[in-house]
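**Student:** here's a sequence, model it:
(one chain, ligands or ions: 1)
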Amino acid sequence: MSSSIQALDKWVRTQFLQINTELEEHYFTQHALLVDDEFSLSRKQTLLEQGKALISTILDNADDIPSTYEDRFYLLGNVGMYMAACRRHQIDAPLENGYSPLGEASTISFQLGSALGVAPRFMATHLGLYNRASNGVYRTFTHLQDETVFIDYNTLGTLAYKKASDALERAMRFGVSHPLTVYLLNDAKKALEEVLKFNKILDEKLDVMRFFYNVRPYYKSYRVGRRDYRGANAGDFAAVNEIDLLLGLCSRDDPFYLDIMIDKKAYMPQSEQQRLQDSIGKTSLMDQFLEEGESCCSLQQYRDNLTAFLEVCEAHGLAYAFHHDKLVKGYIEEPALKLSDSQKENLTASGPPLPVLLRSLGKLRDLRMARDRADIPSRFADLQKLKASLQTVGKKAGT
Ligand code: HEM
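**Tutor:** Numbering: from 1, shown residues only. Next up is the predicted model:
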């Protein structure tokens, strides 16, 4: 790492971290999302100026910009964290011409974003899967324990989703009558049960008000150049959509669902974007079970696979239902009710007003749970058909 890049990284991990922590503790004692008193203003100014100076040095030494994808993505994370913190503390009011006052940070973010093929901003994965530890400590905005809890269980949830999608991807290659497919489906089920377990631990450990007041505000949308880029979202990784499509619970022909996938593409590194793209082109396990049911349903291995497949679908639905009914409701919807209208702006990562977002997330939950809803392309009827086929064969065989 060249010295200017290293200096920024060191600052993000020390003074930046310290200033944000002091500000958050100060806001929290005042029961406010933001405070603009003397104590806060001096720290905000220091944050603004120190970050600007470090980023200007990088810009002045163009050769310092790293050449590998991973290192550039990591640098975008550091610059983006600075911009996200400026947004969080509201020290980035646009200039008269509509541009962000963080000119140097905008320039470098655009340069990196366009070279990397991603949005020019901080993403959730910069604190998750793409977060390098140094001396045992990874980068965070603050020293607050609730932030670490949030990042840890998010990252564990993402890793578990990735385990499930890897297993399903391999299962697709075997097909639904292969004798070893059941082994992979059981792996996928275990991984999705882990997702639920991690979400439950997160719910036990994370303090609602700390999350709402001191952690989530760093994930807001912010301006780069003269455009706002939507907020960072814990769901910006490919595996959850790969699982939806490989299982067949969501469809590549559903514009509502495609919109969600396309929206998140720019908020993940290219390897993830590629996986997302590849999953759109594949047929689903559900469709394979339905197609091959006629000819294979008397085969024991097909029935074992189908039984395991139905369990995987259930585990996926339960994990996401918990996310929706407990995490989104408990950590965003309920605390938001207590805010004044002016404070409600910018509560969601993707931008739409909270009730609109909640309706859309509720739809996603019902697709993943294959609920009996006629107004969405739920696979309820197809799953009923597959369940019934198992019982019919069971009866014929006298089991
Ligand atoms: C306190 C904890 C959490 C809260 C309050 C929360 C809230 C939200 C919200 C509000 C959205 C919609 C994004 C938007 O604003 O447009 C969302 C999306 C999402 N979140 Fe979370 N989340 C939490 C934790 C997690 C965890 C631990 C995971 C698992 C890795 C996760 C996975 C997802 C996924 C996959 C999506 C994208 C929608 C999708 O494609 O399914 N979230 N979350």
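**Student:** ok, C296 - contacts?
**Tutor:** V176, S177, Y302 (C-beta atoms under 8 Å, 6 or more residues apart in numbering). Using the backbone N, CA and C atoms, a C-beta is placed for each residue, glycine as well.
**Student:** now L285
**Tutor:** Applying C-beta under 8 Å, 6+ apart, the residues near L285 are L168, A171, M172, V176, L246, L247, G248, F309.
**Student:** distance of T142 from the ligand?
**Tutor:** 16 Å (C-beta to the nearest ligand atom, to the nearest Å).
**Student:** same deal with R87?
**Tutor:** 15 Å.
**Student:** could you do A84 as well?
**Tutor:** 15 Å.
**Student:** on the pLDDT front, check that residue for me.
**Tutor:** At A84, the model reports a pLDDT of 98.
**Student:** okay, and it sits in which element?
**Tutor:** Assigned by DSSP states H and E, A84 falls within helix 69-88.
**Student:** if we can go back for a sec, of the contacts of L285, buried ones?
**Tutor:** L168, A171, M172, V176, L246, L247, G248, F309 (16 or more other C-beta atoms under 10 Å).
**Student:** now the second one: phi and psi?
**Tutor:** Per-residue torsions, A171: phi -60, psi -40 (degrees, to the nearest 10).
**Student:** my guess is it contacts A188, does it?
**Tutor:** Yes. A171 lies in contact with A188 (C-beta atoms under 8 Å); the separation is 7.2 Å.
**Student:** excluding chain neighbours, give the residue nearest to whichever residue of the stretch 151-300 of the chain sits closest to the ligand in space.
**Tutor:** The nearest approach of the stretch 151-300 of the chain to the ligand comes at G235, 1.9 Å away (C-beta to the nearest ligand atom). Spatial nearest neighbour of G235, chain neighbours left out: K264 (7.1 Å); criterion: C-beta to C-beta, 6 or more residues apart in numbering.
**Student:** need phi/psi at that neighbour.
**Tutor:** Dihedral angles (degrees, to the nearest 10) for K264: phi -90, psi -10.
**Student:** report the distance from stretch 14-32 to the chain centre.
**Tutor:** 25 Å (C-alpha atoms, centre = their mean, to the nearest Å).
**Student:** no, scratch that, I was asking about stretch 256-264
**Tutor:** With C-alpha atoms, centre = their mean, you get 13 Å for stretch 256-264.
**Student:** residues contacting it, please?
**Tutor:** So stretch 256-264 is in contact with 230, 233, 235-236, 241, 244, 250-252, 276, 280, 350, 360, 363-364, 367, 376, going by C-beta under 8 Å, 6+ apart.
**Student:** again, 10 Å this time
**Tutor:** Contact partners of stretch 256-264, identified using C-beta atoms under 10 Å, 6 or more residues apart in numbering, comprise 119, 123, 230, 233, 235-238, 240-241, 244-245, 249-252, 254-255, 272-273, 276-277, 279-280, 349-351, 360-361, 363-364, 367, 376-377.
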